[in-house]
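>>> below are the sequence and a predicted model for it; my questions follow.
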Amino acid sequence: VAKRETHPPAPAEDVVSDSTKTHRVTVAFDLAVHFTEGVFDSGNAALVDALARQEPQRRHRVFAVLDGGLVAANPQLPGEVCRYFQAHAHRAALAAPPMVVDGGEAVKNDDRAVRGVLARLHELRIDRQSFVLAVGGGAVLDMVGYAAATAHRGVRLVRLPTTVLAQADSGIGVKNGINAFGKKNFLGTFAPPFAVINDVRLLATLSERDAIAGMSEAVKVALVRDGLFFEWLRAHAASLRARNSRALAALVRHSAELHLRHIATSGDPFELGSARPLDFGHWAAHKLESLTAYGLRHGEAVAIGIALDTLYSVKAGLCPERLADSVLETLERLGFSLWDEALATRSASGRPRVLDGLEEFREHLGGELTITLLRDAGVGVEVHEMDERLIAHAIEDLRERTGRLTLIRPHRARAAG
Ligand SMILES: NC(=O)c1ccc[n+]([C@@H]2O[C@H](COP(=O)([O-])OP(=O)(O)OC[C@H]3O[C@@H](n4cnc5c(N)ncnc54)[C@H](O)[C@@H]3O)[C@@H](O)[C@H]2O)c1
Ligand SMILES: [Zn+2]
């Protein structure tokens, strides 16, 4: 009778060698973006449906954080949010009355706001199956998203963007973060939200400045992805500037879809490579934001960055000159100013300080510098270096162009008045 071996065979002791085992681990995620109107009307189920998507039978726990600027313009909002959850009490409940945080870039500039949100998540025992509902502009969404992504290594986040920029661009994305050490978005994570809900009605109380600012991201994505959309923006610039709600809704929706399509199909949703094709105009924009101590809104800086890189694309022989005319005109018709004195600031050696933005951009992405420029409306092209003399010329062009406009404008104003 053969003896049964009861132990696993011992590893062969005489084999000493290096080895590597690589397993491909694929993690799929659903990014659900809903478009609705009147999201907090008690008859509107879009929000609770989104919360209950995975476990329709459960009663979900929600902690809501609201943007203070949004609440200042809509003082009834915290009450509306409470009433909404009362009306849907069998499906979802607030863990506490909504928390209101400051709005705007200030919430990203030091970590007190993040710590405040984290402290509430801790006190309320928000777990990984509960929801954080972030309602506000891009800055509040970035900050709250960062808190949600780091608490318990990731609590479910539902974003409800309330600015044009956040609905058309940042709210859709997978990024969050805050600024640190003087660097924009130095701390942050890539974390897909559980759901995003865009309600165009929430845009009605935006200041004119913020309504305009967000449109530059639509121009940006149109220029690198969709020439017909750029033509549409160009044709509707006047009604967009006048905040025609149908035009604005169409801008937000199409821009959001293009951003979403990029995340879903680019093959690099977490930006592991050094290319960031949708960040056209952003190397200069990020630098201009910090040079102005965030006096320029992100969207305003992006408009200048787009103008600069379009002029550069012409000077570098990449795209036809007429494209620069139509891009700059469209931005101006939307209400953007394409000059800021920060463009004129120079280091001790006389080099425009905005040029430091190139190296900072490279550092932020890692690896080789990769900048998207334009070949035509709707067609981007990647380059790995930029000629500083040509950038300086493009800056001069912007100054001259805007100088001409400033000479014209007071005259127009007098004529009108
Ligand atoms: N995560 C990303 O992928 C991504 C992408 C682009 C931009 N961003 C970030 O987004 C931020 C800019 O966001 P933003 O342009 O939305 O500006 P913002 O968040 O600074 O908001 C602008 C102002 O509008 C107020 N506000 C918000 N909604 C309102 C409403 N409906 N009515 C009245 N006031 C309202 C805010 O309180 C604030 O004062 C920047 O920090 C930028 O870096 C992030
Ligand atoms: Zn941007």
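It's in. Ligands and ions are numbered 1, 2, ... in the order given.
>>> count the residues that sit near the residue of the stretch 251-400 of the chain found nearest ligand 1.
Closest approach between the stretch 251-400 of the chain and ligand 1, counting by C-beta to the nearest ligand atom: His298, at 4.0 Å. Placement of C-beta: from N, CA and C, glycine included. The local packing of His298 (other C-beta atoms under 10 Å) involves 26 other residues.
>>> please report how far it lies from Gly137.
Noted for His298: a distance of 10 Å to Gly137, by C-beta to C-beta, to the nearest Å.
>>> quick check: neighbours shared by those two?
Leu165 (C-beta atoms under 8 Å, 6 or more residues apart in numbering).
>>> residues of the stretch 151-300 of the chain that sit close to ligand 1?
162-163, 165-166, 169-170, 173, 175-176, 202-203, 205-206, 210, 213-214, 297-299 (C-beta under 6 Å from any ligand atom).
>>> count of neighbours near Gly138?
Quick note: Gly138 (other C-beta under 10 Å) scores 30 neighbours.
>>> per-residue confidence for Pro181?
One thing to correct before we go on: residue 181 is Phe, not Pro. Phe181 carries a pLDDT score of 88 in this model.
>>> hmm, I was thinking of Pro269
Taking Pro269 on its own, its pLDDT is 88.
>>> and what about it, helix, strand or coil?
coil (DSSP: H, G, I helix; E, B strand; the rest coil).
>>> residue contacts, it?
174, 190, 192, 263.
>>> if I look at the second one, how far off is His286?
This means Phe190. 18 Å.
>>> if you count surrounding residues, which of the two has more?
Neighbour tally, Phe190 and His286, criterion other C-beta under 10 Å: the higher count belongs to His286, 23 against 14.
>>> helix or strand: which one has the more buried one?
For His286, the host element (DSSP states H and E) is helix 282-291.
>>> other SSEs contacting whichever helix or strand comes after that helix?
Following helix 282-291 in sequence order, the next helix or strand is helix 298-315 (DSSP H and E). Helices and strands touching helix 298-315, by 3 or more C-beta pairs under 8 Å, 6 or more residues apart in numbering; DSSP states H and E, are helix 164-168, helix 208-213, helix 215-225, helix 282-291, helix 321-334, strand 371-376, helix 388-416.
>>> next, the angle strand 371-376 makes with helix 298-315.
60 degrees (axes from the mean of the first three to the mean of the last three C-alpha atoms, to 10 degrees).
>>> that older thread, quick one, which of the helices and strands packed on helix 298-315 is packed in tightest?
For the helices and strands packed on helix 298-315, the largest average neighbour count (mean count of other C-beta atoms under 10 Å) is found in helix 164-168, namely a mean of 30.
>>> ok, residues contacting the helix or strand following that helix?
Following helix 164-168 in sequence order, the next helix or strand is strand 178-180 (DSSP H and E). For strand 178-180, the surrounding residues in contact (C-beta under 8 Å, 6+ apart) are 105, 107-109, 111, 113-114, 142-143, 146, 185-188.
>>> for Phe35, list each beta-bridge partner.
Asn198 (DSSP bridges).
>>> contacts only, for Asp41.
Residues in contact with Asp41 (C-beta under 8 Å, 6+ apart) are Tyr84.
>>> relative to strand 371-376, how tilted is the helix holding His286?
Going by the same axes, to 10 degrees, helix 282-291 makes 130 degrees with strand 371-376.
>>> now the angle from the host helix or strand of Ile263 to helix 321-334?
Assigned by DSSP H and E, Ile263 belongs to helix 245-265. Comparing the axes of helix 245-265 and helix 321-334 via the same axes, to 10 degrees yields an angle of 130 degrees.
>>> is it true that Arg353 touches Glu359?
No. In terms of C-beta atoms under 8 Å, Arg353 does not count as a neighbour of Glu359; the distance is 11.7 Å.
>>> more neighbours: those two, which one.
Using other C-beta under 10 Å as the criterion, Arg353 and Glu359 rank with Arg353 on top: 16 against 12.
>>> which residue packs closest to that one, ignoring adjacent ones?
The shortest distance from Arg353 to any non-neighbouring residue, by C-beta to C-beta, 6 or more residues apart in numbering, is to Thr345 (4.7 Å).
>>> give me the pLDDT value at that neighbour.
pLDDT, read off for Thr345, is 94.
>>> next up, the contacts around it.
Per C-beta under 8 Å, 6+ apart, neighbours of Thr345: 291, 352-354.
>>> repeat that for Phe280.
Here Phe280 is in contact with 220, 223-224, 305-306, 309, 372-374, 380 (C-beta under 8 Å, 6+ apart).
>>> so how far is Ala96 from it?
41 Å.
>>> try Asn198
Using C-beta to C-beta, Asn198 is found at 25 Å from Ala96.
>>> and if you look at Arg243?
Distance from Arg243 to Ala96, by C-beta to C-beta: 35 Å.
>>> and Ala293, by the same measure?
34 Å.
>>> next one: Leu311
51 Å.
>>> comparing those two, which residue is more hemmed in?
More neighbours surround Leu311 than the other of Leu311 and Ala96, with 25 against 13 (other C-beta under 10 Å).
>>> pLDDT value on the more buried one, please?
98.
>>> now do the contacts for it.
324, 328, 394, 397-398.
>>> specify which member of those residues is nearest to Ala237.
If you rank these by distance to Ala237 using C-beta to C-beta, Leu328 comes first, at 11.8 Å.
>>> my read is that that closest one contacts Trp339, right?
No. At 11.0 Å, Leu328 does not count as touching Trp339 under the criterion of C-beta under 8 Å.
>>> which neighbours do the two share?
Contacts common to Leu328 and Trp339, judged by C-beta under 8 Å, 6+ apart, are Arg401.
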